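Participant: Whatever this is, show me its structure:
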Amino acid sequence: MYSKVYNLRFVKPTDAKVASSYFVENLSKFIRTCNMQSINISMGPCGNMSITAKFDSSSDLKTFESKSKSIFSDVQGSFDFVQTNFSGVNIFAYETENTSTQITPH
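Facilitator: Predicted coordinates:
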């Protein structure tokens, strides 16, 4: 599995909050067209944001990179932040399934 990881450090935490909504709305549009396996957007209390997108193939990752450039450019034109990013191969991933085993009577 392949990943694209973006780390963004916003000058103002309030800008990160606004930008996070924009990223969610616009990057989620690429889930189907880029065959995304998952996307996670996390925000820290000081205006740090992390975006991780996972793909089964490197060609899907490259498609996502080219299609998402305009999204990051739009945000960069509106807010002050420093961005670093890298593409990589997943070494380890673990997530539990959220299931409820509780039986409730009617």
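Participant: alpha carbons only for contacts and neighbour counts from here, please
Facilitator: Noted.
Participant: all strands of this protein, in order?
Facilitator: Secondary structure of the chain, counting by DSSP state E: strands at 2-10, 36-43, 48-55, 81-89.
Participant: quick one: which of the ones you listed is nearest Gln102?
Facilitator: Nearest to Gln102 among those is strand 36-43; the distance by C-alpha to C-alpha comes to 27.8 Å.
Participant: buried residues in that closest one?
Facilitator: By 16 or more other C-alpha atoms under 10 Å, the buried positions in strand 36-43 come out as Met36, Ile39, Ile41, Met43.
Participant: so which pair among those residues is furthest apart in space?
Facilitator: Longest span within those, C-alpha to C-alpha: Met36 and Met43, 20.6 Å.
Participant: Dump the strands of the chain into JSON lines; add distance to Ser66 and mean pLDDT as well.
Facilitator: Below are the strands of the chain laid out as JSON lines (distance: least, C-alpha to C-alpha, whole Å; pLDDT from 0 to 100):
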{"stretch": "strand 2-10", "distance to Ser66": "12", "mean pLDDT": "94"}
{"stretch": "strand 36-43", "distance to Ser66": "14", "mean pLDDT": "92"}
{"stretch": "strand 48-55", "distance to Ser66": "14", "mean pLDDT": "94"}
{"stretch": "strand 81-89", "distance to Ser66": "13", "mean pLDDT": "91"}
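Participant: Thanks a lot, see you next time.
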